[in-house]
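Novice: I need the structure of the sequence given here:
(one chain, ligands or ions: 1)
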Amino acid sequence: MVSLTAPVSRWIGRRLLTRAASSGGVDLSRISVVPKAFKVPFQREGLDPRVRVGARRERPPVSRLMHVFGLNVWLVTGYPEARAVLADTTSYSNDIRPMVASAGSTPVHSIGGLGFTDPPVHTRLRGLLTPEFTKRRLARLQPRIEQIVHHQLDVAQEAGEVSDLVRAFAFPVPFQVICELLGVPLEEREEFRAMGAARFDLSQGGAGLFGAASKSREFLFQVVAEQRAEPGDGLIGALIRDHGDELEDVDLAGLADGVFLGGYETSASMLALGTLVLTQHPEALELARRGGAELDAVVEELLRYLGVVQTAFPRFARYDLELFGHEVRRGDVVLVSLSGANRDERLASGAVRFDPTREPGSHLAFGHGFHRCVGSELARMELRTAFRAIAERFPDVELACSPDDLTFRELSVVYGIESLPVRLRPAQPRSAVDAPSRQQL
Ligand code: HEM
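Specialist: Numbering: from 1, shown residues only. All right, here's what the predicted structure looks like:
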């Protein structure tokens, strides 16, 4: 085998990148094979990040994952190191455009919404969204979230003795919530739903990831065009009313799609995996039932422990720099393992364990810094409402199969589970529960 010296290989890599960029970009959307080393932060053992991710944190909290086309891919698994990278927009760019030449008919400049853009574009677009995501604005959605959650629990209950909570509950709830938020008309939702949920699947490489992006964006492009004429009540209508003159339809659809992308599969995975954890920890289910601070603590610990978004958006070094003792070259990719950093002892002692009574620290489930999740408050509202409703209505919820028979996602940015068969036995009415004690009196 021919072995190249590092400078030569880097030179070739840069030549390839430059050539590809001048001919339309290194097209990640055409790459269909994922190198083995790259898979490490996206695979797990059950609910735990792979042992190798933990081992990497024990050794250096930053290490080189792989070397491709003369560029290094670095993996950050330590908690303080992860925060430092995520907060640093001077050294790193999120702009992935030079690496994606096409995504179906999606214009390259609007790929991935906010997550793949840098200031000043990012600042401007994010500034348009944040007012819609304040607690006060979101409060209007709370009654609808309650209705949706209870309706889907009815559906799950009616499915029979055993129901699949992924199908009946975990996906339908955030789907409907996001449609409400965006203002997608009721009659168009089925078409939207049919576009599928697996947007973060890496098993087909960039081809799957970027190809899937185009369908829902095209759909939202239509919704935007319709609402130009008659703005609806949701986020799309509000953006058209307040900023319609500054925004082109394609930007609006890109923003809406980024919200859909950011909020759907992530929340669905949290609902499914969170319920799985609660079936294994009845004490946590009881805390969730009580509501208030105890419910909040359960939700925060689930977010930390599960870390369903396994890595943050990739960061690209803007220039040669030092990263906790490593020489990072301009263009190198830095991947921050959020699920790894969330299990760091420097964040929480006994971090590998799920403990809903611990003091919630500043976990990284929603990221950190400029690109921190815009929808975190909405996600929390959904999770609190859903877990409390399950705990109140089905305090004896149990897994209806052996844990060994569960199928988890094999290679996805968002970790998840294919199905979750559970037995939902309704709670005894309070009067019936209280009856024996009254008789004793
Ligand atoms: C439990 C559910 C959720 C989790 C775990 C989650 C997690 C994350 C993470 C880790 C990031 C990237 C941080 C980074 O790279 O620095 C992110 C970004 C984002 N999320 Fe979420 N998210 C969730 C729900 C939502 C919801 C409900 C919405 C909207 C409805 C949403 C919208 C977004 C958007 C638009 C971004 C890009 C922000 C930016 O780049 O400025 N997410 N989310």
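
Novice: and Leu399, how many neighbours?
Specialist: Residues within reach of Leu399, counting by other C-beta atoms under 10 Å, total 18. Quick note: C-beta positions are derived from backbone N, CA and C, even for glycine.

Novice: what does the stretch 301-441 of the chain put close to the ligand?
Specialist: Counting by C-beta under 6 Å from any ligand atom, the residues of the stretch 301-441 of the chain close to the ligand are 308-309, 312-313, 338, 365-367, 371-375, 378-379.

Novice: right, and out of these, which lies closest to Glu418?
Specialist: Val308 (14.4 Å; C-beta to C-beta).

Novice: Go ahead and list the helix or strand containing the spatially closest residue to that closest one that is not a sequence neighbour.
Specialist: Spatial nearest neighbour of Val308, excluding adjacent residues (C-beta to C-beta, 6 or more residues apart in numbering): Ser269 at 4.3 Å. Ser269 belongs to helix 249-280 when assigned by DSSP states H and E.

Novice: now do the same end-to-end measure for stretch 67-81.
Specialist: This stretch, stretch 67-81, spans 21 Å end to end (C-alpha to C-alpha, to the nearest Å).

Novice: Stretch 131-150 too?
Specialist: 28 Å.

Novice: close to the ligand, is that stretch?
Specialist: No. No part of stretch 131-150 sits near the ligand under the criterion C-beta under 6 Å from any ligand atom; the closest distance found is 7.2 Å.

Novice: Name the residues that touch that stretch?
Specialist: Residues from elsewhere that reach stretch 131-150 (C-beta atoms under 8 Å, 6 or more residues apart in numbering): 172-173, 176-177, 180-181, 235, 238-239, 374-375, 377-378, 381-382, 385-386, 389.

Novice: Stretch 165-175 too?
Specialist: Contacts of stretch 165-175 with the rest of the structure, by C-beta under 8 Å, 6+ apart, involve 145, 148-149, 152-153, 155-156, 159, 189, 193, 197, 263-264, 266-269, 271-272, 275, 382, 386, 417-422.

Novice: residue boundaries of the strands in the stretch 201-350 of the chain?
Specialist: Taking DSSP state E, counting those that start in this stretch to define them, one finds strands in the stretch 201-350 of the chain at 315-317, 321-323, 326-328, 333-336.

Novice: Paired strands for the second one, with orientation please.
Specialist: It stands for strand 321-323. Partner strands for strand 321-323, per DSSP bridges, with pairing direction: strand 326-328 (antiparallel).

Novice: which stretches of the stretch 51-200 of the chain have low pLDDT?
Specialist: 51-59, 98-112, 196-200 (pLDDT under 70).

Novice: Closest residue of it to the ligand?
Specialist: Residue nearest to the ligand within the stretch 51-200 of the chain: Leu114 (3.5 Å; C-beta to the nearest ligand atom).

Novice: circling back: return the most buried member of the strands of the stretch 201-350 of the chain.
Specialist: Burial of the strands of the stretch 201-350 of the chain is given as mean neighbour count (mean count of other C-beta atoms under 10 Å); strand 333-336 ranks first at a mean of 25.

Novice: same for it, what does it pack against?
Specialist: If you count contacts as 3 or more C-beta pairs under 8 Å, 6 or more residues apart in numbering; DSSP states H and E, strand 333-336 packs onto strand 71-76, helix 79-87, strand 315-317.

Novice: looking at those, which is buried most?
Specialist: Greatest burial across the helices and strands packed on strand 333-336, using mean count of other C-beta under 10 Å, falls to strand 71-76, with a mean of 23.

Novice: Touching that one from outside, list them.
Specialist: For strand 71-76, contacts defined as C-beta under 8 Å, 6+ apart pick out 10, 13, 17, 37-38, 40-41, 53, 56, 61-67, 82, 85, 323, 326, 328-329, 331-337, 340-341.

Novice: same deal with stretch 359-371?
Specialist: So stretch 359-371 is in contact with 79, 82-83, 86-89, 94, 114-115, 119, 122, 126, 296-297, 300-301, 303-304, 306-309, 312-313, 336, 338, 341-342, 347-348, 372-373, 376, 379, going by C-beta under 8 Å, 6+ apart.

Novice: Now, of these, which are buried?
Specialist: The neighbour-count test (16 or more other C-beta atoms under 10 Å) applied to the contacts of stretch 359-371 identifies 79, 82-83, 86, 88-89, 94, 114-115, 122, 126, 296-297, 300-301, 303-304, 306-309, 312-313, 336, 338, 341-342, 347-348, 373, 379 as buried.

Novice: next one: phi and psi at Glu45?
Specialist: With angles defined as degrees, to the nearest 10, Glu45 sits at phi -110, psi 100.

Novice: Same question for Phe408.
Specialist: phi -90, psi 160.

Novice: Excluding chain neighbours, what is closest to it?
Specialist: Ile417 (5.3 Å).

Novice: Now for the one you found, how many residues are close by?
Specialist: Neighbour count of Ile417, defined by other C-beta under 10 Å: 19.

Novice: Please apply the same query to Gln227.
Specialist: When neighbours are counted by other C-beta under 10 Å, Gln227 registers 23.

Novice: So it sits against Ala238, correct?
Specialist: No. The pair Gln227 / Ala238 is not scored as a contact, 10.0 Å apart, by C-beta atoms under 8 Å.

Novice: overlap in contacts of these two?
Specialist: Common neighbours of Gln227 and Ala238 (criterion: C-beta under 8 Å, 6+ apart): Gly183.

Novice: how about stretch 381-397: buried residues?
Specialist: Across stretch 381-397, burial judged by 16+ other C-beta under 10 Å covers 381-391, 393-395, 397.
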